[in-house]
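In: Sequence unavailable; structure follows:
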């Protein structure tokens, strides 16, 4: 069973930075076989794609609203996924979830099999 645990959320001001982490303690060496993604859900809105990364980190995907501000990365030795968020805006306020799948789900939330519990990011103006 894949168990993903997000951390690093918090309350920040507009323009600040945060780095989210997603650790998989149960993955062992299999972590490098999982395609990973970050999604977010703001109050009253649907869950939306933020960023994704392939198995070895050589290919990344971003939604247009975060391009140039957010960076997704992974450390397969530490079984950890990261999301570096710079120049945060109030509209980035949401619960951020990491997700994984052995396939290539890309930007589609429904194709990811495993999900973390989420971490809250609040950006004040």
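Out: Thanks, I have it. From a predicted model like this one, the values you see are computed outputs, not experimental measurements.
In: What strand or helix carries residue 49?
Out: strand 48-53 (DSSP states H and E).
In: Report all helices and strands that that strand contacts.
Out: Secondary-structure packing of strand 48-53 (3 or more Cβ pairs under 8 Å, 6 or more residues apart in numbering; DSSP states H and E): strand 35-41, strand 60-62, strand 70-75, strand 80-85. (Glycine included, C-beta is placed from N, CA and C.)
In: Pull up the per-residue confidence for the residue nearest to residue 121 when sequence neighbours are not counted.
Out: Among residues not flanking residue 121 along the chain, residue 9 sits closest, at 4.8 Å (Cβ to Cβ, 6 or more residues apart in numbering). Looking at residue 9, its pLDDT reads 97.
In: returning to what we had before: tell me the angle the strand holding residue 49 makes with strand 70-75.
Out: Going by axes from the mean of the first three to the mean of the last three Cα atoms, to 10 degrees, strand 48-53 is angled at 40 degrees with respect to strand 70-75.
In: Nearest residue to the middle of the chain?
Out: Taking Cα atoms, centre = their mean, the centroid of the chain lies closest to residue 38, which sits 2.5 Å from it.
In: Who are the contact partners of it?
Out: When the contact criterion is Cβ atoms under 8 Å, 6 or more residues apart in numbering, the partners of residue 38 are 20, 22, 50, 51, 52, 72, 81, 83, 96, 97, 98, 99.
In: and the first one, how far is that from residue 36?
Out: Yep, that's residue 20 we're talking about. Using Cβ to Cβ, to the nearest Å, residue 20 is found at 12 Å from residue 36.
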